[in-house]
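*Asks:* My questions are about this predicted structure, shown below with the sequence.
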Amino acid sequence: MPTSTARTLKGPRRLVRRSARRSPSPRWQFLRGFLKHPVMVGSIIPSSRILIEKMLGRVDWENTKVFVEYGPGVGTFTRPILEKLGADARLVTIDTNADFTRYLKESIDDPRLIAVTGSAADVENILEDRGLPKADFVLSGLPFSTLPPGVGDAIAKATSEVIRPGGAFLVYQFSPKVRDFIAPHFDKIDRGFEWINVPPATLFWAWKKNGEALD
């Protein structure tokens, strides 16, 4: 007995609905990542658009060829960065959570994005292995104050060595203690604050004026 047209159409529709149910929303993916790795995720709620624009407002996009993001999560910053980034630039995201890396690869179809599962402390090797030069800017939302002992110091030191002269380390945190980690390695640090975020965040722009980190 031939299959009816209505029944034939229902098959693909069922597959689409099942696929949609299997694909977690960004907020659910973010929450799941927080529950699995609470020490490595700074907040249970993604950053606000106002915070994002303020944090990225000091980036020299015209002269940015390599941008690095630590702890991209579900891409709350990743997508706005790609919107501003030049066509020949590269965005390298580094996350210890393989679920987040996989989510970015599956949800963002952009050849400029290089999503890596790894530690921010290995940023130099990650760029070198992919034939990329020093970074122009590095962004981080990692919760430095709750990272395991020694990890925050290692990330701050590695970041200072991988940023080109004139570049900056952009950090948004819910604790101002992060300044203790980055201050020994950068020449100038600007500070800001954003109330329109949950929770409110302290912002830092740590600049490299020359090619060498301070002692």
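*Replies:* Received, thanks.

*Asks:* Not counting its neighbours along the chain, what's nearest residue 84?
*Replies:* Among residues not flanking residue 84 along the chain, residue 61 sits closest, at 5.1 Å (Cβ to Cβ, 6 or more residues apart in numbering). (Each C-beta comes from the backbone N, C-alpha and C, glycine too.)

*Asks:* can you check residue 188 too?
*Replies:* Sequence neighbours aside, residue 207 is the residue nearest to residue 188 in space, at 4.5 Å (criterion: Cβ to Cβ, 6+ apart).

*Asks:* Please name the residues that touch the one you found.
*Replies:* 166, 167, 168, 186, 187, 188, 189, 190 (Cβ atoms under 8 Å, 6 or more residues apart in numbering).

*Asks:* Distance of the last one relative to residue 85?
*Replies:* In this structure, residue 190 and residue 85 are 22 Å apart, going by Cβ to Cβ, to the nearest Å.

*Asks:* what's the answer for the third one, then?
*Replies:* Applying Cβ to Cβ, one obtains 16 Å for the distance of residue 168 from residue 85.

*Asks:* Could you check which of residue 190 and residue 85 has the larger neighbour count?
*Replies:* For the pair residue 190 and residue 85, the greater number of neighbours falls to residue 85 (20 against 11), based on other Cβ atoms under 10 Å.

*Asks:* Would you mind giving me the confidence score for the more buried one?
*Replies:* Note for residue 85: predicted pLDDT of 98.
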